[in-house]
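> coordinates only, no sequence provided:
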């Protein structure tokens, strides 16, 4: 009786193990089939449209006046990049890049009208739909926000030109660039003495940070910087020299201050919101040094009418 009982238990255990094995095999088979289906290569078409298109992105909305420090109704002008990465018979894939924000999009291509309808995901208040048309190497069209009450300019026109992004360590700000930080004005107490009456009055003057010509001479992508090279520079100088490195690699800046500087050039093309892996060892060392000095540097402020 004991022998029969033992035999039954052994058979039960073997059967249970066999079931588990079969289940595992079945799951693996399912996973294998799914993997095979997902890895199927979908033919790509219209590869001539692949690339980066960059240019004006403008619409009616609230614009900030730096002198009065108030918003007024005007043209909200920004720089936009569209990256067309992949086109199949059914879908178009890519990213939009503006104001330091990179959003994926998916859409469809109409061969007859040479036009695209591209939708951003919709889970961010700044998402919307692009309706664009191609002509040679340029794109025209408009973008409409999904949530029209969440953005200052819910409808924007765009005019983009195809550009090839190239990293070049020699890129520098144009000598004619306006080196004023309009985004961060600071109030200073000033005194005025009337020569006739001798009476002194105190008033508040709003001033802006201003950089020096050092930003045209120091290149943190080409030369190994020393403390001697940067110890007497203004804080804004150091910030520009540092961020010039990121600009050369196509970093899309969130801060308007830096966008204002680099969008004045013809070489700056925002292509990514993270370029850390693209930096050379020397650039990383220079940035670390600049960060140390930025922490304690002072700025020069001046008054500018606008």
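Yes, it's here. Since the structure is predicted, the reported quantities are computational estimates derived from the model, not experimental observations.
> show me the shaky parts of this structure.
Residues of the chain that meet the criterion pLDDT under 70 lie in 1-40, 62-72, 305-306.
> try 80
Within the chain, the segments meeting pLDDT under 80 span 1-41, 61-74, 195, 304-306.
> roughly how far does the residue nearest to residue 118 when sequence neighbours are not counted sit from residue 131?
The spatial neighbour of residue 118 that comes closest, neighbours along the chain excluded (CB to CB, 6 or more residues apart in numbering), is residue 107 at 3.5 Å. C-beta here means a position set from N, CA and C on the backbone, and glycine is covered the same way. The gap separating residue 107 from residue 131 is 9 Å, by CB to CB, to the nearest Å.
> of the two, who's got more company?
Neighbour comparison, residue 107 and residue 131: the larger count goes to residue 107, with 19 against 14 (by other CB atoms under 10 Å).
> check which helices and strands whichever strand or helix holds residue 105 sits against.
For residue 105, the enclosing helix or strand under DSSP states H and E is strand 101-110. For strand 101-110, the elements it packs on are strand 92-98, strand 115-119, judged by 3 or more CB pairs under 8 Å, 6 or more residues apart in numbering; DSSP states H and E.
> nearest spatial neighbour of residue 268, skipping sequence neighbours?
Leaving aside its sequence neighbours, residue 268 is closest to residue 262 (4.2 Å, by CB to CB, 6+ apart).
> all helices for the chain, in order.
Using DSSP state H, the helices of the chain run over 2-38, 227-230, 235-248, 256-262, 281-294.
> re earlier: verify the stated contact: the residue nearest to residue 268 with residue 174.
No - Residue 262 is beyond contact range of residue 174, at 10.1 Å (criterion: CB atoms under 8 Å).
> between those two, which one's more packed in?
Here residue 262 and residue 174 are set side by side on neighbour count (other CB under 10 Å), and the busier one is residue 262, at 23 against 12.
> please tell me how far that one sits from residue 230.
The spacing between residue 262 and residue 230, counted by CB to CB, is 20 Å.
> repeat that for residue 236.
When CB to CB is applied, the distance between residue 236 and residue 230 equals 13 Å.
> these two - which one has more neighbours?
Just comparing residue 236 and residue 230: by other CB under 10 Å the higher neighbour count belongs to residue 236, 27 against 22.
> surely that one is in contact with residue 181?
Yes - the criterion here is CB under 8 Å, and residue 236 meets it with residue 181 at 6.0 Å.
> what sits in contact with each of those two?
209-211 (CB atoms under 8 Å, 6 or more residues apart in numbering).
> tell me the buried residues in stretch 252-271?
Neighbour-count burial for stretch 252-271, counted by 16 or more other CB atoms under 10 Å, picks out 252-253, 256-263, 267-271.
> ditto for stretch 295-306
Within stretch 295-306, the residues that qualify as buried by neighbour count (16+ other CB under 10 Å) are 297, 299, 301.
> now render those as JSON lines, adding distance to residue 97.
Output for these, formatted as JSON lines (distance: CB to CB, whole Å):
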{"residue": "297", "distance to residue 97": "30"}
{"residue": "299", "distance to residue 97": "29"}
{"residue": "301", "distance to residue 97": "32"}
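> count the neighbours of residue 284 for me.
With neighbours defined by other CB under 10 Å, the count for residue 284 comes to 12.
> got it, and residue 135?
Here the count is done by other CB under 10 Å, and residue 135 has 8 residues near it.
> give the contact list for it.
With contacts defined as CB under 8 Å, 6+ apart, residue 135 is in contact with residue 114.
> partner strands of the strand ranked longest in the chain, with direction?
Criterion DSSP state E: the longest strand present in the chain is strand 70-87. Partner strands for strand 70-87, per DSSP bridges, with pairing direction: strand 51-65 (antiparallel), strand 92-98 (antiparallel).
> so which of those strands is the most surrounded?
When the strands paired with strand 70-87 are scored by mean count of other CB atoms under 10 Å, the highest mean neighbour count falls to strand 92-98 (a mean of 21).
> what's the angle between that one and strand 115-119?
70 degrees (axes from the mean of the first three to the mean of the last three CA atoms, to 10 degrees).
> hmm, who's touching strand 92-98?
Counting by CB under 8 Å, 6+ apart, residues outside strand 92-98 touching it are 57, 78-87, 102-109, 116, 118, 120, 130, 252, 270-273.
> how about residue 289, what does it touch?
Each residue near residue 289 by CB under 8 Å, 6+ apart is listed here: 225, 227, 230.
> just to revisit the earlier point, shared neighbours, residue 107 and residue 131?
With the criterion set as CB under 8 Å, 6+ apart, the overlap between the contacts of residue 107 and residue 131 is 116-117.
> show me this protein divided up by domain.
With domains defined by automatic domain parsing, the chain comprises 47-163, 180-302.
> would you list those domains in TSV and tack on distance to residue 169?
Rendered in TSV, the data for the domains of the chain read as follows (distance: least, CB to CB, whole Å):
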stretch	distance to residue 169
domain 47-163	19
domain 180-302	4
